[in-house]
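Peer 1: Sequence and predicted structure, then a few things I'm wondering about:
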Amino acid sequence: MTTTHRIIRTAIALLIVAAGIAIAPSAASACSAGEFCLFHNDNFGGGEYHFSGSDNNLNNDRFVGNSSLFVGNNTRSAWNHGRWQSNGINHVLVYTRTNKGGTAGCILYNQYGALVYPFAGNVESYRWVNRATCDAKKRAITL
């Protein structure tokens, strides 16, 4: 193998490692253990909402870091950073309407990513549920 090939392989490996580091810490630093977090932008940016309980109306909550925007219908990414509980209520269902109405989508324990249609920009409430309840619904995020 030539020196040029070694340099290229090393550069590619470093880029792969750097890409992983750039994505994971942004989500990890913004969302504390035990919380469900919603973010205004893709990739966990542009203001965040975090709460350890369920919320029936995100239209009256504002993003931290961007207090001019309400959380309801302004969310692009999410992270279920809840604590593992023996009762199994570790997963989150997000809803497209207040009071757990509209279409429901599942975000499993410790999963995070971009919200998918119809949830991207369209979440108005959420609640903590068990795995069976979550599995009965479509996934709300891409991993």
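Peer 2: It's in.

Peer 1: Got the confidence number for Leu38?
Peer 2: Listed pLDDT for Leu38 reads 96.

Peer 1: next one: the one 5 residues further on
Peer 2: You'll see Asn43 listed with a pLDDT of 88.

Peer 1: next helix or strand past the lowest-mean-pLDDT helix or strand in the chain?
Peer 2: One helix or strand of the chain scores below all others by mean pLDDT, DSSP states H and E: helix 3-30, with a mean of 47. Next along the chain after helix 3-30, taking DSSP states H and E as the criterion, comes strand 35-39.

Peer 1: what is the rounded mean pLDDT of the helix or strand just after that next one?
Peer 2: As assigned by DSSP H and E, the chain's next helix or strand after strand 35-39 is strand 48-51. Averaging pLDDT along strand 48-51 gives 93.

Peer 1: Can I get strand 48-51 in CSV, CA atoms only?
Peer 2: Presented in CSV, the C-alpha positions along strand 48-51 are these (Å, rounded to 0.1, in the frame of the first residue of the first chain):
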residue,chain,number,x,y,z
GLU,A,48,-35.4,22.6,23.0
TYR,A,49,-38.3,21.5,25.2
HIS,A,50,-37.6,18.9,27.9
PHE,A,51,-39.9,17.4,30.5
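
Peer 1: From the contact counts, what lies against that strand?
Peer 2: Applying 3 or more Cβ pairs under 8 Å, 6 or more residues apart in numbering; DSSP states H and E, one finds that strand 48-51 makes contact with strand 35-39, strand 62-63. For every residue, glycine as well, the C-beta is placed using N, CA and C.

Peer 1: and with 7 Å instead?
Peer 2: strand 35-39 (3 or more Cβ pairs under 7 Å, 6 or more residues apart in numbering; DSSP states H and E).

Peer 1: which other residues reach the strand it packs on?
Peer 2: The contact list for strand 35-39 (Cβ atoms under 7 Å, 6 or more residues apart in numbering) reads 30-31, 45-52, 71, 75-82, 92, 123, 126.

Peer 1: Alright, that wraps it up for me.
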